[in-house]
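1. heads up, no residue letters with this:
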């Protein structure tokens, strides 16, 4: 339970941080979609550890093995299985904390819920689980591009108290991938990188915000009441490890506006219905309206830090814990492809459900 996501385009992720492997089963993918292992690998490379000086130094190639569902570069319509082997797991790095609950981590809650937990790297609660999401998301992105010419871009807009400029032009992957923090503003990016380096040196961590823009999202995605598009997007993004906040469109800032200021007034543009503003963030009444979908996701500072902290152990003793091992001082740069993946999975699921309703 809780390991399956989606209805028409359904994924099941499996595996633990320091187990033998992690992976995903994808069910409901349409046949005849052209996809290569290299396209899937490209997104996994953006998520993998050890990719820069500001990420964890765990060295994993994260090489995807497709074991079913794709033949001669095309999807078959049958379940797709993708596996990634763990090659640099070091469970002994966590042995000193196997009986201790790390502050703000999932150790205590998993123990309380199940009465047992995999203490090596957090087990199932580790962000390593997101490999399966990113692999599936790469396929979802490809289908959305082929069906609707939809593009999905996420980027780091803030680290701690350092914010990027606001972007009014259509962003590109080249801009986002131009630096290791994945911020299209080069001046802010340099400051962000230095802040992350400083936090790591001090044994601490930083949080921030990932913004996302979905260009050319089709009109009509989303269901009434409980399966509203923004509700499913919120569920998908908030399910990402370390994500603690979600906003769409004007978000909380919209509460400072009056109705006359906030309403997105309609007009006709070459026969198409458009809105002058986009405070709704591309979704009205839970259904996409064809404008850009704009989302912000807040990520907390990494829970495992090298500073000494007060906590308790499984025996009920108050103890002090100092982290060891390999950890990201800031999860934001590696969260970017995960956010894109979850958005892609929600959109393709709704697109296939919508196609089933109108056909």
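-> Structure received. What you see is a predicted model, and the numbers here were worked out from it, not measured in a lab.

2. mind showing which ranges of the chain have poor pLDDT?
-> Residue ranges of the chain with pLDDT under 70: 1, 89, 91, 324-326, 359.

3. mind listing what the spatially closest residue to residue 19 that is not a sequence neighbour touches?
-> Using CB to CB, 6 or more residues apart in numbering and skipping residues adjacent in sequence, the residue nearest residue 19 is residue 86, 6.4 Å away. In this view, the C-beta of every residue, glycine as well, is placed from N, C-alpha and C. For residue 86, the contact set (CB atoms under 8 Å, 6 or more residues apart in numbering) comprises 15, 17, 18, 19, 20, 21, 22, 60, 128.

4. just checking, which of those belong to strands?
-> Mapping the contacts of residue 86 onto strands (DSSP state E) picks out 15, 21, 22.

5. tell me which of these is nearest to residue 179?
-> Among the ones in strands among the contacts of residue 86, residue 22 lies closest to residue 179 (CB to CB), at 27.7 Å.

6. okay, now the closest residue to that closest one other than its chain neighbours: neighbour count?
-> Leaving aside its sequence neighbours, residue 22 sits nearest to residue 15 (CB to CB, 6+ apart; 3.1 Å). Per other CB atoms under 10 Å, the neighbour tally for residue 15 reads 22.

7. Residue 15: what's it in contact with?
-> 21, 22, 23, 86, 124, 128, 129, 131, 132.

8. Drop anything exposed from the residues you listed.
-> For those, a burial check counting by 16 or more other CB atoms under 10 Å picks out 22, 23, 86, 124, 128, 129, 131, 132.

9. hang on, the earlier thing: distance to residue 107 for the ones in strands among the contacts of residue 86 - can I get that in TSV?
-> Compiled in TSV, these are given as follows (distance: CB to CB, whole Å):
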residue	distance to residue 107
15	18
21	23
22	19
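
10. of all the residues you listed, which comes closest to residue 167?
-> Comparing the ones in strands among the contacts of residue 86 against residue 167 with CB to CB places residue 22 closest, at 33.6 Å.

11. do you know how far the closest one is from residue 175?
-> 30 Å (CB to CB, to the nearest Å).

12. List the contacts of the host helix or strand of residue 234.
-> Per DSSP states H and E: residue 234 is located in helix 229-238. Contacts of helix 229-238 from elsewhere in the structure, counted by CB under 8 Å, 6+ apart, are 5, 221-223, 243-244, 246, 248, 281, 283, 286-288, 293, 295, 297, 339, 342-343, 345-346, 349-350.

13. circling back to that earlier point, of all the ones in strands among the contacts of residue 86, which comes closest to residue 144?
-> Distances from residue 144 to those, taken by CB to CB, are shortest for residue 22, at 24.3 Å.

14. all helices for the stretch 251-359 of the chain, in order.
-> If DSSP state H, counting those that start in this stretch is used as the criterion, the helices of the stretch 251-359 of the chain fall at 259-262, 332-358.

15. Give me the distance between the two termini of stretch 299-317.
-> Terminal residues of stretch 299-317 lie 30 Å apart, using CA to CA, to the nearest Å.

16. ignore the last one, stretch 211-225
-> 26 Å.

17. All the helices of the stretch 101-250 of the chain, in order from the start?
-> So, for the stretch 101-250 of the chain - with DSSP H, counting those that start in this stretch - the helices run 107-114, 130-148, 173-176, 186-201, 229-238.

18. Could you list the buried residues of the second one?
-> Just to be clear, that refers to helix 130-148. When burial is assessed from 16+ other CB under 10 Å, helix 130-148 yields the following buried residues: 130-144, 148.

19. Among these, list the two that are farthest apart in space.
-> The most widely separated members of the buried residues of helix 130-148, counting by CB to CB, are 131 and 148 (26.3 Å).

20. just checking, what packs against the helix or strand containing residue 42?
-> Residue 42 belongs to helix 37-47 when elements are defined using DSSP H and E. When contacts are defined as 3 or more CB pairs under 8 Å, 6 or more residues apart in numbering; DSSP states H and E, helix 37-47 sits against strand 64-68, helix 130-148, helix 332-358.

21. Please list the residues outside the shortest one that contact it.
-> What that stands for is strand 64-68. Strand 64-68 is contacted from outside by 37, 40-41, 44, 78-85, 135, using CB under 8 Å, 6+ apart.

22. run the last query once more with 6 Å
-> When contacts are defined by CB atoms under 6 Å, 6 or more residues apart in numbering, strand 64-68 is touched by residues 37, 40, 41, 44, 81, 82, 83, 84, 135.

23. next one: that strand to chain centre, how far?
-> For strand 64-68, the separation from the chain centroid amounts to 22 Å (computed by CA atoms, centre = their mean, to the nearest Å).

24. In it, which of the residues would be classed as buried?
-> By 16+ other CB under 10 Å, the buried positions in strand 64-68 come out as 64, 66.

25. What's the ChimeraX syntax to select whichever of the contacts of helix 229-238 are buried?
-> Buried subset of these, written as a ChimeraX selection, criterion 16+ other CB under 10 Å:
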select :5,221,222,223,243,246,248,281,283,286,287,288,293,295,297,339,342,343,345,346,349,350
